[in-house]
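Student: coords please:
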Amino acid sequence: MKNSWMQQLLESLRAEEAVIKKGGGAKRIEKEHIKGKLTARERITLLLDEDENFQEIGLWAAYGMYREEGGCPSAGVIAGIGKVCGKTCMIVANDATVKAGAWFPMTAKKNLRAQEIAIENHIPIIYLVDSAGVYLPMQDEIFPDKEHFGRIFRNNAVISAKGIPQIAAIMGSCVAGGAYLPIMSDEALIVDGTGSVFLAGSYLVKAAIGENVDNETLGGATTHTEISGVTDYKMKDDTECILTIRNLVDKLGPMQKAGFNRKKAVQPEMNISEVMADFPNDRTKPYDMIPVIKSLIDTGSFTEYKKGYGQTLITGYARIDGWSVGIVANQRTIVRSKTGEMQIGGVIYSDSADKAARFIMNCNQKKVPILFLQDVTGFMIGKRSEHGGIIKDGAKMVNAVANSVVPKITVIVGNSYGAGNYAMCGKAYDPRFIYAWPSAKIAVMGGTQAAKVLTQIQVSALEKKGEQLSDDDKASILEKIKSRYDKQTDVRYAAARLWVDGIITPENTRSRISKAIECANHNPEIPEFKTGVIQV
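Tutor: Model prediction:
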């Protein structure tokens, strides 16, 4: 890649990712090996088809969080999509090297996201369970609410009712409420000597009812395969367990697909590495989004919709790795409207919103998945825009995005500010998958603008109290606020909270989009498209 600032950023992120992938560290990995266990990542590698590229989800989950608890790399659970015996599966594996696989609030959120992807795309889900259960010091943030721990077992039932296969392997501890996850799956395997499942461990049993019993007798592999009948397969070790899962997946029956249009893939016209040479580090600078699109799509496949109208948004049909897609992308160059008015790139004007809404409706009419390429600073403000009905036109676009029934895939390449995040299918608008480039910034507004507004408010409040502030005092307040805001708009901050499914490189974007549509194609259910009331 010729873009030096992007290359440096990528190298920094890759170095941090390498540390994250070590989980609890070398000593904890060694302890798992001494017990005769594979680590979560080793299990996944053995499970996947040879040379299969694992599409990890939420690698950065919980990054920089839970510092007082010693951190929780990847939220203590590995999740992602890969092929097992040729079948696309969601895989969820507890990382026992991180707090014995205990569940933090972000662990629950990440598991729920994995289940959501499996439900939306009708793909089998495989759980590799090895967890000490809820992290008790934070139980109030993980136990009772709708988006908490219990929702996972509710989802087990919903997934099963939808006919989506679930296979669970008990490869370590499986305690209390967490015992329901594998047993509510379609089939459960348990590893002899290391796997155990019970509602209460031996210490709690002793404290609660005075019974003396060891954990193996209470809920080990022999107990649950030969006495209780709770589990279906007794495995001698991790390797046999993983290979048995592969055999079970190999024998899954056929499943219907959506049948999205796909032809033989053609390589892009432009090289993404060369295109990135002109991609600006300064998020306020303009650039042309067309070369970015041409570096992602199959050569000669782009048919632009309403090219001369609403030019701060690019809309059109194309193919990506052979898949038919509709594209909605922010144009970051400065353009002229039909009246000759200069329009700022990255801003959504009334005509752009109107064009995008109609295009999204067309994609739904034609059953074409939609790709959103975000680099948006928001909707245009000011008297002329308000008098022109920008809120009405923006609402029309948001309505179309919200009610869209075809798969939506979002890639945030730059700014993702304010209502522009919503209109361009941010996380709140149910994209099947949402990814971000290292250059992405997600916030209600840009850091500089927000810092100036917040500084004005704080300075005004202090002066009302009678404090006299010098220019240096005001500058110090501005810098402090801006520093905090910049930290919150960093892409790692967003990825840590699962506002995006992952931070991807520009070079990997085309393959990620293709994989996303391939996953979406497994769900044959496409509801009728309705928008409800839209102001025109």
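
Student: going by neighbour count, list what's buried in stretch 14-31.
Tutor: G23, G24, R28, I29 (16 or more other Cβ atoms under 10 Å). (Each C-beta comes from the backbone N, C-alpha and C, glycine too.)

Student: could you dump those residues into TSV and include secondary structure and distance to N403?
Tutor: Listed next are these as TSV, based on DSSP: H, G, I helix; E, B strand; the rest coil; distance: Cβ to Cβ, whole Å:
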residue	secondary structure	distance to N403
G23	coil	41
G24	coil	44
R28	helix	47
I29	helix	47
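
Student: from those residues, pick the one nearest I412.
Tutor: Here the nearest of the buried residues of stretch 14-31 to I412, counting by Cβ to Cβ, is G23; it sits at 27.2 Å.

Student: could I have the helix or strand S352 falls within exported to CSV, CA atoms only?
Tutor: Assigned by DSSP states H and E, S352 belongs to helix 350-366. What follows is helix 350-366 as a C-alpha-only set of coordinates in CSV (Å, rounded to 0.1, in the frame of the first residue of the first chain):
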residue,chain,number,x,y,z
SER,A,350,-32.5,16.8,0.1
ASP,A,351,-32.0,15.6,-3.5
SER,A,352,-29.4,13.0,-2.5
ALA,A,353,-31.8,11.7,0.2
ASP,A,354,-34.7,11.5,-2.2
LYS,A,355,-32.6,9.7,-4.8
ALA,A,356,-31.3,7.2,-2.2
ALA,A,357,-34.7,6.4,-0.8
ARG,A,358,-36.1,5.6,-4.3
PHE,A,359,-33.0,3.5,-5.1
ILE,A,360,-33.3,1.5,-1.9
MET,A,361,-37.0,0.8,-2.7
ASN,A,362,-35.9,-0.4,-6.2
CYS,A,363,-33.4,-2.8,-4.6
ASN,A,364,-36.1,-4.2,-2.4
GLN,A,365,-38.4,-4.6,-5.4
LYS,A,366,-35.7,-6.5,-7.3
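
Student: where exactly do the strands run in the stretch 351-500 of the chain?
Tutor: Using DSSP state E, counting those that start in this stretch, the strands found in the stretch 351-500 of the chain span residues 370-376, 378-379, 408-417, 433-436, 441-443.

Student: actually the stretch 51-200 of the chain, not the one I wrote
Tutor: Ranges of strands within the stretch 51-200 of the chain are 55-57, 77-84, 87-94, 125-131, 166-175, 187-191, 196-198, based on DSSP E, counting those that start in this stretch.

Student: what sits against R336?
Tutor: By Cβ atoms under 8 Å, 6 or more residues apart in numbering, the residues touching R336 are Q311, M342, Q343.

Student: make it 7 Å
Tutor: M342, Q343 (Cβ atoms under 7 Å, 6 or more residues apart in numbering).

Student: likewise for G172?
Tutor: By Cβ under 7 Å, 6+ apart, the contact set of G172 is K37, A96, G101, V129, D130, S131, T194, G195.

Student: 10 Å - rerun?
Tutor: 32, 35, 37, 40, 94, 96, 100-101, 128-132, 191, 194-197, 238 (Cβ atoms under 10 Å, 6 or more residues apart in numbering).

Student: please tabulate the buried residues of stretch 14-31 in a markdown table, including the columns pLDDT.
Tutor: Output for the buried residues of stretch 14-31, formatted as a markdown table (pLDDT from 0 to 100):
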| residue | pLDDT |
| --- | --- |
| G23 | 96 |
| G24 | 96 |
| R28 | 96 |
| I29 | 97 |
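
Student: output the residues you listed as CSV; include the columns distance to N121.
Tutor: Below are those laid out as CSV (distance: Cβ to Cβ, whole Å):
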residue, distance to N121
G23, 27
G24, 31
R28, 33
I29, 32
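
Student: what residues sit buried inside stretch 40-49?
Tutor: Of all the residues in stretch 40-49, those buried under the rule 16+ other Cβ under 10 Å are A40, R41, E42, R43, I44, L47, L48.

Student: how far out from the middle of the chain is that stretch?
Tutor: 21 Å (Cα atoms, centre = their mean, to the nearest Å).

Student: now stretch 145-158
Tutor: So, by Cα atoms, centre = their mean, the centroid of stretch 145-158 is 18 Å from its chain's centroid.

Student: go on, stretch 461-470?
Tutor: For stretch 461-470, the distance to the chain centre is 44 Å (Cα atoms, centre = their mean).

Student: swap in stretch 414-432?
Tutor: Chain-centre distance of stretch 414-432: 13 Å, with Cα atoms, centre = their mean.

Student: make TSV out of the strands of the stretch 351-500 of the chain and add mean neighbour count and distance to Y63.
Tutor: Formatted as TSV, the strands of the stretch 351-500 of the chain follow (neighbours: other Cβ atoms under 10 Å; distance: least, Cβ to Cβ, whole Å):
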stretch	mean neighbour count	distance to Y63
strand 370-376	26	21
strand 378-379	22	27
strand 408-417	26	17
strand 433-436	25	13
strand 441-443	22	15
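
Student: who wins for proximity to R14 among the ones you listed?
Tutor: Here strand 433-436 is closest among the strands of the stretch 351-500 of the chain (Cβ to Cβ), at 15.2 Å.

Student: residues of stretch 393-403 that come out buried?
Tutor: Quick answer for stretch 393-403 (16+ other Cβ under 10 Å): D393, G394, A395, K396, M397, V398, N399, A400, V401, N403.

Student: just the ones of those in helices?
Tutor: By the criterion of DSSP state H, membership of these in helices covers D393, G394, A395, K396, M397, V398, N399, A400, V401, N403.

Student: any stretches of the chain with poor pLDDT?
Tutor: For the chain, applying pLDDT under 70 flags the ranges 1-3, 337-338.

Student: which one of the buried residues of stretch 40-49 is nearest to D282?
Tutor: The shortest gap between D282 and any of the buried residues of stretch 40-49 belongs to R41, at 37.5 Å (Cβ to Cβ).

Student: the host helix or strand of the closest one to strand 125-131, inter-axis angle?
Tutor: Assigned by DSSP H and E, R41 belongs to helix 40-47. Helix 40-47 and strand 125-131 meet at an angle of 150 degrees, taking axes from the mean of the first three to the mean of the last three Cα atoms, to 10 degrees as the criterion.
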